[in-house]
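Undergrad: What shape does this take:
(one chain, ligands or ions: 1)
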Amino acid sequence: MNFSNSEQLYKEAQEVILGGVNSPSRAYKGVGGGTPVFMEKASGAYFWDADGNKYIDYLAAYGPIITGHAHPHVTKAIQNAAADGVLYGTPTVYENKFAGMLQNAIPSLEKVRFVNSGTEAVMTTIRVTRAYTGRNKIIKFAGCYHGHSDLVLVAAGSGPSTTGNPDSAGVTKNIAEEVITVPFNDLSGFKEALNHFGKEIAGVLVEPIVGNFGIVEPEPGFLEAVNDLSRANGSLVIYDEVITAFRFMYGGAQNLLEIEPDLTALGKIIGGGLPIGAYGGRQDIMEQISPLGPAYQAGTMAGNPASIRAGIACLEVLQTPGVYDKMDQLGRKLEEGILKAAEDHNIPAVVNRLRGALTVYFDVDKVSNFEDAESSSTDMFAAFFKKMLVRGINLAPSKFEALFLTSAHTEEDINKTIHIVEEVFAEGLEEY
Ligand code: PMP
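TA: Reported below is the predicted structural model:
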């Protein structure tokens with residue numbers, strides 16, 4: 001494959017855009033750097049880059065593009081929205097319908113508010129827990145990503161009973177002291193943190209099924225205990241479903257797991273590819289928010305008709321019978337193909353899969369928390385990523401991300417991908 005146009009564009013990008021990219025992972029940092037491919041066009045399960053190379057896409061824009069790129073129904077909704085004006089700054093005739101659709105799909109959303117990103121959604125749920133409880137601290141789980149607001153860019157301290165350290169320059173020590181980070185799937189660590197900080201804990205923030213150190217499910221009873229212990233302590237439970245909502249089924253991970261939080265943060269899929277976030281939950285808690293309550297949240301773009309209409313169209317596509325089963329079947333086929341190729345060529349690969357989302361880890365026995373994921377081989381993943389890319393398969397450039405199936409992927413795409421995985425594993429992942 002020739003990448004000369006991408007190389008030229010990357011050079012030019014670095015002159016005008018800080019680091020040449022608008023989100024750090026796009027610079028391929030997680031796979032040892034290199035020239036990011038500049039995409040020009042996308043349709044269904046495919047991308048075409050600036051050099052005319054075609055790819056099968058498993059990034060799905062880090063999750064949102066579950067219907068495939070430029071799905072006709074979603075595209076039509078966006079075209080209609082554009083023709084009718086994209087931003088009003090008033091209530092619109094579309095937003096009640098969409099809030100109702102979310103509520104029907106995820107019943108714990110007694111009241112909903114729309115914002116513009118997952119970051120905003122999570123940030124606001126934290127504010128609400130503090131307003132409601134009058135407490136300051138939150139507990140989060142190591143390796144779960146919750147956007148780039150100050151409070152959630154805090155990494156683990158040295159043990160469950162310590163507060164965290166800033167994970168980013170510009171996040172103050174004072175803020176880090178308000179966050180306690182414990183390992184996912186570690187109930188005793190969680191109990192210790194809760195006991196130690198007790199009535200200081202306003203909220204407990206968790207991805208109910210993790211999507212940010214690969215796909216990692218909660219061990220049986222873990223979330224139930226987190227819910228029960230938090231509530232007994234007077235702390236609120238926030239599920240960050242920015243990745244998980246509508247990913248595995250029509251509804252949230254909370255529907256799949258049959259467990260409800262007090263508040264939920266949403267984003268990604270619910271915008272049909274346009275910028276969006278939403279949060280919601282128990283009515284009495286949500287009543288803390290302005291204009292009913294004292295906790296402030298606003299947004300010039302919040303609930304804009306373009307994102308809302310794209311979101312409605314996306315959920316309509318996802319209501320098609322069989323969509324999720326198809327993604328599940330293709331996901332299973334891909335998982336089996338990868339594992340078979342790994343066995344045939346002595347590649348130490350582990351696959352975590354839930355329905356249409358899967359993560360391939362190398363050189364690790366199993367992954368059930370962030371530490372496991374971290375200890376998987378970065379070099380082997382980097383080789384895998386780059387060797388797949390130059391053969392026309394676009395994956396997320398980090399060992400912590402998932403491959404996402406979309407409703408546009410076909411059996412033929414999967415067969416082709418498995419064939420390429422076999423070729424790559426046969427060649428080996430020692431270098432690239
Ligand atoms: N929460 C989770 C679980 C996420 O995965 C992400 C983004 N990857 C966010 C929040 C932040 O969302 P956004 O990028 O839309 O701000």
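
Undergrad: Run me through the strand neighbours of the strand or helix carrying residue 204, direction for each.
TA: Following DSSP states H and E, the helix or strand that holds residue 204 is strand 201-206. Strand 201-206 has its sheet partners listed here by DSSP bridges as strand 137-141 (parallel), strand 236-240 (parallel).

Undergrad: Now do the helices in this structure.
TA: 4-16, 72-83, 95-105, 118-133, 173-176, 187-197, 222-232, 253-257, 283-286, 305-318, 323-344, 370-375, 378-389, 411-427 (DSSP state H).

Undergrad: Lowest mean pLDDT across these, which one is that?
TA: Lowest mean pLDDT of the helices of the chain: helix 173-176, a mean of 91.

Undergrad: Which secondary structure elements does it sit against?
TA: Packing contacts for helix 173-176, counted by 3 or more Cβ pairs under 8 Å, 6 or more residues apart in numbering; DSSP states H and E, involve strand 165-166. Backbone N, C-alpha and C define where each C-beta goes, glycine included.

Undergrad: Can you give the strand pairings for the strand it packs on, parallel or anti for each?
TA: When DSSP bridges is applied, strand 165-166 pairs with strand 154-155 (antiparallel).

Undergrad: Contacts for the partner strand, please.
TA: 140, 142, 164, 165, 166, 167, 171, 175, 176, 179, 181 (Cβ atoms under 8 Å, 6 or more residues apart in numbering).

Undergrad: still on that earlier bit, contact partners of the strand holding residue 204?
TA: Contacts to strand 201-206, defined as Cβ under 8 Å, 6+ apart, come from residues 122, 125-126, 129-130, 132-141, 144, 146, 152, 180, 184, 194, 223, 226, 230, 233, 235-240, 263.

Undergrad: and the residue of the stretch 301-432 of the chain nearest the ligand?
TA: For the stretch 301-432 of the chain and the ligand, the shortest gap (Cβ to the nearest ligand atom) falls at residue 401, measuring 8.9 Å.

Undergrad: count of neighbours near that residue?
TA: Neighbours of residue 401 under the rule other Cβ atoms under 10 Å: 25.

Undergrad: now swap in the one 4 residues further on and tell me
TA: Using other Cβ under 10 Å, residue 405 has 30 neighbouring residues.

Undergrad: Quick check: it touching residue 356?
TA: Yes: counting by Cβ atoms under 8 Å, residue 405 touches residue 356, with 3.6 Å between them.

Undergrad: where do the contact lists of these two overlap?
TA: In contact with both residue 405 and residue 356: 327, 330, 331, using Cβ under 8 Å, 6+ apart.

Undergrad: could the residues you listed go into a markdown table alongside neighbour count and distance to residue 6?
TA: Formatted as a markdown table, these follow (neighbours: other Cβ atoms under 10 Å; distance: Cβ to Cβ, whole Å):
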| residue | neighbour count | distance to residue 6 |
| --- | --- | --- |
| 327 | 22 | 30 |
| 330 | 21 | 28 |
| 331 | 23 | 29 |
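
Undergrad: Spell out which residues of the stretch 101-250 of the chain are next to the ligand.
TA: The stretch 101-250 of the chain has residues 117-119, 122, 145-147, 207, 211-212, 240, 242-243 near the ligand, with proximity defined as Cβ under 6 Å from any ligand atom.

Undergrad: Of the residues you listed, which is the most crowded?
TA: residue 240 (33 neighbours).

Undergrad: Please tell me I have it right and that one contacts residue 124.
TA: No: in this structure, residue 240 is not within contact of residue 124 by Cβ under 8 Å, at 11.9 Å.

Undergrad: Near the residue nearest to residue 69 when sequence neighbours are not counted, how many other residues are there?
TA: The shortest distance from residue 69 to any non-neighbouring residue, by Cβ to Cβ, 6 or more residues apart in numbering, is to residue 42 (3.5 Å). Each residue near residue 42 was counted by other Cβ under 10 Å, and the total is 18.

Undergrad: same deal with residue 24?
TA: 12.

Undergrad: How about the one 4 residues further on?
TA: Residue 28 sits with 20 neighbouring residues when counted by other Cβ under 10 Å.

Undergrad: Tell me which residues touch residue 417, please.
TA: Contacts for residue 417 (Cβ under 8 Å, 6+ apart) come out as 56, 58, 334, 337, 393.
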